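>>> below is the sequence, then the predicted model.
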Amino acid sequence: MKRLSSLILIGWLVSVHSLVAQRPFHGDSFAHTFSIVARDSVTGDVGVAVQSHWFSVGSVVAWAEAGVGAIATQSMVNVSFGPRGLELLKSGLSAQETLDQLISSDDGRDFRQVGIVDIKGNVATYTGAKCIAEAGHRQGRQFSVQANMMLNDKVPAAMERAYRSARGPLPQRLMAALKAAQGVGGDIRGQQSATILVVKGQQSDRPWEDKVVDLRVEDHPNAVAEMERVLNVHYAYEDMNLGDLAMEHNDVPGALKHYGAAMAKYPNNVEMKYWTAVSLANAGRLNEALSIFREVFRKEPNWALLTRRLVPNGMLTVSEAELKKILDSGK
């Protein structure tokens, strides 16, 4: 019965795909670009990363769903390939079967470029015969890189090498591939926007927790470098969250370790310093907190005003005398 239901669903999806198949250029976005789709063989996470000289490239090219897979649909973009492809993957089709269904239903297939990775790590890639040169793709174990309208033909190979040799979490390895592409020339038109989207390998009943990273640079002349900066900020805030969690468990040394790591990644961020000081004060380490409060208040006096407001709701648990010391530290 389950198999029959799956067949009926697949048949319905195929019929829908035929109805929405697009003509070349009809409503398509010109998101010529380089991208990578990949699965982390250790965590099972899947993700997609992309850069293009096109505004908000991630909103049309990058698609991923926890427990399902990731898709990059680009060149003369058939945006429907993203959500439709994810539905086909969810119905039980492999990456290649999904790609075959999408391409066969599209009159503009010669202008499309697509990369798909499914939740098992199978990859499928397609570069249409009329994609603008330089265009091409490469596949590896549980990843695929694809590019079109590049300055030269070096981009796919550079991305492949960078991804294979990179270490660390999946978002960092995707970032390495983007940097490598730009390093050998990238998009012939330059840079404008970039995206990194990574989701968990297993879907939970808490969809807000299923995204590992969801970051975009929408409009920037150095989109790749800006994406790397934003990704670093993301990891800095992850360290802050871990520090807060450690404080909840009265692990002050652990909290300070995480806070220090956060501030090392993002040294000019006043807010990180401020909440570190608040946590220290709440832990009874007021003398250590005072020097940080002083630095924050002198840079931005409004933080002193905020500090007063934290006492009534218990976010800052200090006495009146201690509060006065904190506020006077900035004078």
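Done, it's in.
>>> after the lengthiest helix in the chain, which helix or strand is next?
When the chain is parsed with DSSP state H, its longest helix is helix 223-248. Following helix 223-248 in sequence order, the next helix or strand is helix 252-265 (DSSP states H and E).
>>> the longest helix of the chain - contacts with which helices or strands?
strand 46-52, helix 170-183, strand 193-199, strand 211-217, helix 252-265, helix 270-282 (3 or more C-beta pairs under 8 Å, 6 or more residues apart in numbering; DSSP states H and E). From N, CA and C alone the C-beta is placed, and that goes for glycine too.
>>> any idea of the angle it forms with strand 211-217?
140 degrees (axes from the mean of the first three to the mean of the last three C-alpha atoms, to 10 degrees).
>>> quick one: neighbours of the closest residue to residue 103 other than its chain neighbours, just the number.
Sequence neighbours aside, residue 109 is the residue nearest to residue 103 in space, at 4.9 Å (criterion: C-beta to C-beta, 6 or more residues apart in numbering). Each residue near residue 109 was counted by other C-beta atoms under 10 Å, and the total is 18.
>>> do the same with residue 322
17.
>>> swap in residue 315?
13.
>>> correct me if wrong: it contacts residue 278.
Yes - Residue 315 lies in contact with residue 278 (C-beta atoms under 8 Å); the separation is 7.2 Å.
>>> could you pull up the mean pLDDT of the strand or helix carrying residue 64?
Taking DSSP H and E as the criterion, residue 64 maps to strand 62-65. Strand 62-65 carries an average pLDDT of 98.
>>> same for it, what does it pack against?
Partner elements for strand 62-65 (3+ C-beta pairs under 8 Å, 6+ apart): strand 46-52, strand 69-77, helix 81-90, strand 193-199.
>>> looking at these, spot the one closest to residue 186.
When those are compared for distance to residue 186 using C-beta to C-beta, the nearest one is strand 46-52, at 7.0 Å.
>>> would you indicate which residues of the closest one are buried?
Neighbour counts over strand 46-52 (16 or more other C-beta atoms under 10 Å) mark 46, 47, 48, 49, 50, 51, 52 as buried.
>>> one step back: and the residue nearest to residue 103, what does it touch?
103, 126, 128 (C-beta atoms under 8 Å, 6 or more residues apart in numbering).
>>> distance to residue 156, neighbour count and pLDDT for those - can I get that in TSV?
Compiled in TSV, the contacts of residue 109 are given as follows (distance: C-beta to C-beta, whole Å; neighbours: other C-beta atoms under 10 Å; pLDDT from 0 to 100):
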residue	distance to residue 156	neighbour count	pLDDT
103	19	18	98
126	14	22	98
128	15	19	98
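>>> now intersect those residues with the helices, please.
residue 103.
>>> now the contacts of residue 109 in JSON lines, with distance to residue 239?
Below are the contacts of residue 109 laid out as JSON lines (distance: C-beta to C-beta, whole Å):
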{"residue": "103", "distance to residue 239": "43"}
{"residue": "126", "distance to residue 239": "40"}
{"residue": "128", "distance to residue 239": "43"}
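>>> between the contacts of residue 109, which sits nearest residue 321?
Nearest to residue 321 among those, with distances taken as C-beta to C-beta, is residue 126, at 69.7 Å.
>>> give me every residue that touches residue 158.
180, 181, 183, 184 are the contacts of residue 158 under C-beta under 8 Å, 6+ apart.
>>> swap the cut-off to 6 Å and go again
180, 181, 184 (C-beta atoms under 6 Å, 6 or more residues apart in numbering).
>>> neighbour-wise, which of the residues you listed leads?
Result: residue 181 is most packed of those (other C-beta under 10 Å), 29 neighbours.
>>> quick one, what contacts that residue?
Counting by C-beta under 6 Å, 6+ apart, residue 181 touches 34, 155, 158, 159.
>>> how about those in TSV, adding pLDDT?
Below are the contacts of residue 181 laid out as TSV (pLDDT from 0 to 100):
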residue	pLDDT
34	98
155	98
158	98
159	98
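>>> tell me which two of those sit farthest apart.
Using C-beta to C-beta, the contacts of residue 181 span at most 9.4 Å, a distance reached by 34 and 158.
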